[in-house]
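Q: Just to be clear, the model below is a prediction. Sequence and coordinates:
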Amino acid sequence: QVQLVESGGGLVQAGGSLRLSCAASGSIFRINTMAWYRQAVGKERELVASISNGGSTNYADSVKGRFTISRDNAKNTVYLQMNFLKPEDTAVYYCNAPDLRATAASTWYNVWGQGTQVTVSS
């Protein structure tokens with residue numbers, strides 16, 4: 001059973017920083033893209049950032065220049081460094097691996113973490 005476990009959320013003042021981590025555990029053969037999404041109260045889940053297995057990154061316009069996504073393929077871990085946080089960044093942040101293969105012969109799975117709360121006070 002493959003799981004994604006997020007950590008690093010919390011309460012921070014506007015202008016502060018947080019670093020989220022997401023570690024994949026279980027039987028893992030390969031993970032292509034890894035991504036962070038967020039969902040604020042009353043809003044739809046939105047893509048924050050994604051990173052390919054080769055390190056290519058993509059960011060939502062609202063976080064460009066403030067957030068940095070990175071990954072450690074040896075540890076099957078993805079990170080999200082969040083700087084200059086704003087109250088509108090308040091949300092539950094979810095880790096996602098949309099194309100994960102448990103073994104060389106298995107199908108590709110779309111796996112989600114349980115989410116971690118980020119609250120930015122003004």
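A: Yep, that arrived.
Q: Tell me which residues are up against the longest strand along the chain.
A: As assigned by DSSP state E, the longest strand anywhere in the chain is strand 91-101. If you take Cβ atoms under 8 Å, 6 or more residues apart in numbering as the criterion, strand 91-101 is touched by 2, 4, 6, 9, 20, 22, 24, 28-40, 43, 45, 48, 78, 80, 107-118. Yep, even glycine has a C-beta here, placed from its N, CA and C like the rest.
Q: And the residues you listed, which of them are buried?
A: In terms of neighbour count (16 or more other Cβ atoms under 10 Å), the buried residues within the contacts of strand 91-101 are 2, 4, 6, 9, 20, 22, 24, 31, 33-38, 48, 78, 80, 111, 113, 115-116, 118.
Q: For Ala91, give the beta-bridge partners.
A: For Ala91, the beta-bridge partners are Val118 (DSSP bridges).
Q: number of nearby residues for it?
A: Per other Cβ atoms under 10 Å, the neighbour tally for Ala91 reads 22.
Q: Quick check: it vs Gly26, distance?
A: Distance from Ala91 to Gly26, counting by Cβ to Cβ, to the nearest Å: 26 Å.
Q: Arg71 now?
A: From Arg71 to Gly26 the distance is 17 Å (Cβ to Cβ).
Q: which of these two has more neighbours?
A: Arg71 (19 against 12).
Q: re earlier: which of the contacts of strand 91-101 fall within strands?
A: Residues of these located in strands (DSSP E): 4, 6, 20, 22, 24, 30-31, 34-39, 48, 78, 80, 108-112, 116-118.
Q: residues touching the residue nearest the centre of the chain, list them.
A: Of all residues in the chain, the one closest to the mean position by Cα atoms, centre = their mean is Trp36, 2.8 Å from it. Shown here is Trp36, whose contacts under the criterion Cβ under 8 Å, 6+ apart are 20, 22, 47-50, 69, 78, 80, 93-96.
Q: any chance you could read off phi and psi for Gly16?
A: Phi and psi for Gly16, reported as degrees, to the nearest 10, are phi -80, psi -170.
Q: can you count the residues close to Ala97?
A: Applying the criterion other Cβ under 10 Å, we find 24 residues in the vicinity of Ala97.
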